[in-house]
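> Need coordinates for the following:
(one chain, ligands or ions: 1)
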Amino acid sequence: MSFRGIEGDPRQRGAQEPQRPQIGTEFDFGGVKESVVTRDDFPLEQARQVLGKETIAVVGYGVQGPAQSLNLRDNGFNVIIGQREGRTYDKALEDGWIPGVSLFSIEEAIKRSTQPERPLKPGQIQYLLSDAGQKDQWPNIRDLLSSGASLYFSHGFGFTFREQTGINPPEEIDVILVAPKGAGRSVREHFQAGRGINSSYAVGQDATGRALERTLATGMAIGSGFLFETTFEDEVFSDLTGERGVLLGAVYGLWQGAYNVLRQNNLSPHDAVLHTVEISTQTISKIIGEKGGDGLLKDLPPNLVPYFLGGLRSAFERSRSVFEDLYGKVATGVEVTRVLEANSKPDYRETLNRELAEIAGSEFGRAATNIRERRKDGPTVAEKIENRFDAVMAGALIGIMHAQYDLFREKGHKPSEAFNETVEEATQSLYPLVDRNGIDWMYANCSTTAQRGALDWNGRFRSVLERGFVDAYQERVVSQSLLDYIMDSEMWKAGETVRYLRPENQRLVR
Ligand SMILES: NC(=O)c1ccc[n+]([C@@H]2O[C@H](COP(=O)([O-])OP(=O)(O)OC[C@H]3O[C@@H](n4cnc5c(N)ncnc54)[C@H](OP(=O)(O)O)[C@@H]3O)[C@@H](O)[C@H]2O)c1
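Numbers count the residues shown, from 1 in each chain. Prediction:
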């Protein structure tokens with residue numbers, strides 16, 4: 001994989017390239033072939049053979065911890081929980097984990113897994129504390145990791161940014177990653193419904209020669225249906241950029257910017273919300289999720305296409321440099337240093353809550369809440385895009401998606417990852433949640449790393465995007481090359497394969 005050397009990039013500081021998988025099925029993502037590991041390639045029975053002689057200690061019972069450990073338990077693996085006492089520990093009790101048998105302190109769980117009695121082998125630590133908690137607890141657990149054990153993450157954060165987090169695992173242990181593409185709740189719900197979650201996987205350090213098979217085995221054991229290869233760095237760079245960008249930060253900047261311009265044009269708060277966030281989450285996002293951006297464009301009434309293209313060109317061109325700056329700050333660790341510093345302050349939670357309350361209490365926030373409440377009286381917007389304001393918004397949303405996706409591809413991310421972190425998570429998870437509960441709720445229910453980042457970056461996006469709406473609402477853009485760019489783009493073709501691989505289309509055999 002090529003990477004256009006950003007100074008301080010962890011890949012230049014000795015991070016290992018992943019092993020090539022020996023197995024997998026080729027899928028075509030917009031003309032690029034990727035090897036995806038399916039249940040046929042790596043059945044659950046094989047996972048049981050790989051992990052059968054190990055105790056898996058799931059450390060942390062927050063969001064991913066319960067989902068992954070319960071799926072592992074239901075799949076017949078030998079799993080225990082490490083959790084400090086308090087509310088979260090009580091949740092583990094409620095889920096049937098037994099103190100002294102399957103529920104322990106963090107240190108005790110790690111010892112039982114990595115220093116087991118014969119004939120068990122050194123096992124796996126699933127390090128599922130919050131990102132800040134991982135940094136905090138590392139000095140207490142580092143020396144408990146015995147030779148031959150594996151350290152598993154569901155996010156590339158702690159290991160990639162080890163200069164900032166201090167998480168430097170000993171050389172004699174495997175370091176592996178399986179990152180489910182969805183919230184913890186989906187990991188469990190899909191499993192219970194007999195479907196698989198999709199996950200990405202990576203090997204960061206192969207001490208035993210078994211790191212790859214351990215990774216794939218764990219991926220299947222926690223309930224994945226398809227496993228997409230990535231690296232620790234790619235996973236965390238795309239994740240942090242995506243949440244600051246299209247998924248949370250840039251999209252709020254986009255809505256705010258458009259809202260401000262519509263208000264300056266004398267639309268009421270109610271109407272300005274209808275033509276920004278409401279049309280986006282009620283209609284545009286659903287169409288993109290079902291048919292892609294190319295599908296949306298094909299169905300657009302011809303008289304609205306020039307407005308769509310105006311919104312697209314403006315948002316794409318204006319947001320590009322902000323995305324580049326953002327990616328650079330993520331890849332060099334600048335963003336992480338800042339977020340860890342901000343979120344380590346004793347009053348970090350109050351600060352975040354205050355900023356979220358400001359969003360909820362703003363004119364935009366109040367109008368959006370009002371409209372959501374009125375939906376019970378009937379639909380607020382049309383199912384199709386029917387006027388120029390909404391065509392501009394559709395174009396602009398697709399414009400920031402293209403800007404982020406293209407950047408990911410230039411930086412060497414695979415199409416599946418670039419699409420997932422840009423379009424799939426937006427249309428299948430985050431925008432539907434904004435639709436139901438509002439943007440402040442959505443932020444509050446993401447990780448604190450995501451919240452801090454999105455709150456810090458949305459203003460940058462708003463200030464560049466807002467100016468573009470002034471012209472885009474008036475201007476008709478006629479451009480065959482722009483039309484071709486969307487209709488022929490790799491992104492929307494890759495999206496067809498991603499849609500085909502969705503959990504809804506899977507049935508898992510246990
Ligand atoms: N949330 C998701 O859906 C999701 C999706 C994909 C990947 N991930 C990744 O999965 C990992 C776990 O995330 P999560 O969202 O499940 O966890 P989380 O809710 O952010 O973390 C909660 C867990 O961390 C513990 N914790 C926090 N600070 C601690 C400290 N200083 N000392 C000891 N324990 C501490 C909590 O215990 P207490 O309750 O006692 O504080 C709880 O067990 C992260 O790497 C995350 O990036 C999460």
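
> element containing residue 328?
Assigned by DSSP states H and E, residue 328 belongs to helix 305-331.

> anything in the lowest-mean-pLDDT helix or strand in the chain sitting right up against the ligand?
Taking mean pLDDT, DSSP states H and E as the measure, the helices and strands of the chain show their lowest mean at helix 184-192, namely a mean of 89. Yes. Counting by Cβ under 6 Å from any ligand atom, the ligand is contacted by helix 184-192 at residue 184. For the C-beta atoms, the positions are set from N, CA and C on the backbone; glycine is no exception.

> Repeat that for stretch 333-351.
No. Stretch 333-351 stays out of contact with the ligand when judged by Cβ under 6 Å from any ligand atom, the minimum separation being 10.4 Å.

> Name the residues of that stretch that are buried.
Applying a neighbour-count criterion of 16 or more other Cβ atoms under 10 Å, one finds 333, 335, 336, 339, 340, 342, 343, 348 buried in stretch 333-351.

> Can you add secondary structure and give those back as TSV?
As requested, the buried residues of stretch 333-351 are exported to TSV (DSSP: H, G, I helix; E, B strand; the rest coil):
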residue	secondary structure
333	coil
335	helix
336	helix
339	helix
340	helix
342	helix
343	helix
348	helix
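
> and the least confident of the residues you listed?
When the buried residues of stretch 333-351 are sorted by pLDDT, the bottom entry is residue 343 at 86.

> quick one, what contacts the nearest residue in space to that residue that is not next to it in sequence?
The shortest distance from residue 343 to any non-neighbouring residue, by Cβ to Cβ, 6 or more residues apart in numbering, is to residue 448 (5.1 Å). Residue 448 is in contact with 130, 131, 132, 343, 348, 349, 352, counting by Cβ atoms under 8 Å, 6 or more residues apart in numbering.

> ok now do the closest residue in space to the fifth one that isn't next to it in sequence, which residues does it touch?
Nearest-residue entry for residue 348: residue 342, 6.2 Å, with adjacent residues in sequence omitted and distances by Cβ to Cβ, 6+ apart. When contacts are counted by Cβ under 8 Å, 6+ apart, residue 342 is found next to 348, 351, 452.

> I figured residue 276 hits residue 393, correct?
Yes. The pair residue 276 / residue 393 is scored as a contact, 6.2 Å apart, by Cβ atoms under 8 Å.

> Give the residues shared as contacts by the two.
When contacts are counted by Cβ under 8 Å, 6+ apart, residue 276 and residue 393 are jointly contacted by residue 258.

> I figured residue 154 was touching residue 128, is that so?
Yes. Under the criterion of Cβ under 8 Å, residue 154 is in contact with residue 128, at a separation of 6.1 Å.

> which one of these two has more residues nearby?
Residue environment comparison for residue 154 versus residue 128 gives the larger neighbour count to residue 128, 27 against 24, counting by other Cβ atoms under 10 Å.

> returning to what we had before: give the rounded mean pLDDT of the helix holding residue 328.
Looking at helix 305-331 alone, the average pLDDT works out to 98.

> That helix packs against which elements?
Using 3 or more Cβ pairs under 8 Å, 6 or more residues apart in numbering; DSSP states H and E, the elements in contact with helix 305-331 are helix 232-244, helix 249-264, helix 334-344, helix 388-410, helix 448-472, helix 480-487.

> Which among those helices is found nearest to residue 373?
The closest of the helices and strands packed on helix 305-331 to residue 373 is helix 249-264. By Cβ to Cβ, the value is 18.3 Å.

> how far does the closest one sit from the chain's center?
Between the centre of helix 249-264 and the centre of its chain there are 23 Å (Cα atoms, centre = their mean, to the nearest Å).

> Pull the residues that contact stretch 28-38.
The contact list for stretch 28-38, computed with Cβ under 8 Å, 6+ apart, reads 21, 23-27, 201, 216, 219, 225-229, 414-416, 419, 489-495, 497-498, 501.

> how many neighbours does residue 478 have?
For residue 478, using other Cβ under 10 Å, the count is 10.

> In three-state terms, how would it be classified?
When classified by three-state DSSP, residue 478 comes out as coil.

> so what's it up against?
306, 309.

> Could you find the closest non-adjacent residue to the residue of the stretch 101-250 of the chain found nearest the ligand?
With Cβ to the nearest ligand atom, the shortest gap between the stretch 101-250 of the chain and the ligand falls at residue 133, namely 2.7 Å. Taking Cβ to Cβ, 6+ apart as the measure, residue 133 lies nearest to residue 60, with 6.8 Å between them; neighbours along the chain are not counted.

> Next one: that neighbour relative to residue 147, how far apart?
Here residue 60 is placed at a distance of 24 Å from residue 147 (Cβ to Cβ, to the nearest Å).

> same thing with residue 24?
Plainly put, residue 24 is 30 Å away from residue 147 if you go by Cβ to Cβ.

> In terms of neighbours, single out the busier of these two.
Between residue 24 and residue 147, counted using other Cβ under 10 Å, the more crowded position is residue 24 (19 against 12).

> rewinding a little: return the member of the helices and strands packed on helix 305-331 having the minimum mean pLDDT.
The minimum mean pLDDT among the helices and strands packed on helix 305-331 belongs to helix 334-344 (a mean of 91).

> Now the element after that one, going C-ward?
Under the assignment DSSP H and E, the closest C-terminal helix or strand after helix 334-344 is helix 348-361.

> other SSEs contacting the following helix or strand past that following helix?
For helix 348-361, the succeeding helix or strand toward the C-terminus, using DSSP H and E, is helix 363-374. With contacts defined as 3+ Cβ pairs under 8 Å, 6+ apart, the packing partners of helix 363-374 are helix 249-264, helix 269-273, helix 348-361, helix 439-444.

> Now helix 363-374 - C-alpha only, PDB.
As requested, the backbone C-alpha atoms of helix 363-374 are provided in PDB (Å, rounded to 0.1, in the frame of the first residue of the first chain):
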ATOM      1  CA  GLU A 363     -32.600  28.300  16.800                       C
ATOM      2  CA  PHE A 364     -31.700  25.600  14.400                       C
ATOM      3  CA  GLY A 365     -31.800  22.900  17.100                       C
ATOM      4  CA  ARG A 366     -35.100  24.000  18.500                       C
ATOM      5  CA  ALA A 367     -36.700  24.200  15.000                       C
ATOM      6  CA  ALA A 368     -35.400  20.700  14.200                       C
ATOM      7  CA  THR A 369     -36.900  19.300  17.400                       C
ATOM      8  CA  ASN A 370     -40.200  21.000  16.600                       C
ATOM      9  CA  ILE A 371     -40.300  19.400  13.200                       C
ATOM     10  CA  ARG A 372     -39.500  15.900  14.500                       C
ATOM     11  CA  GLU A 373     -42.300  16.200  17.000                       C
ATOM     12  CA  ARG A 374     -44.700  17.200  14.200                       C
END
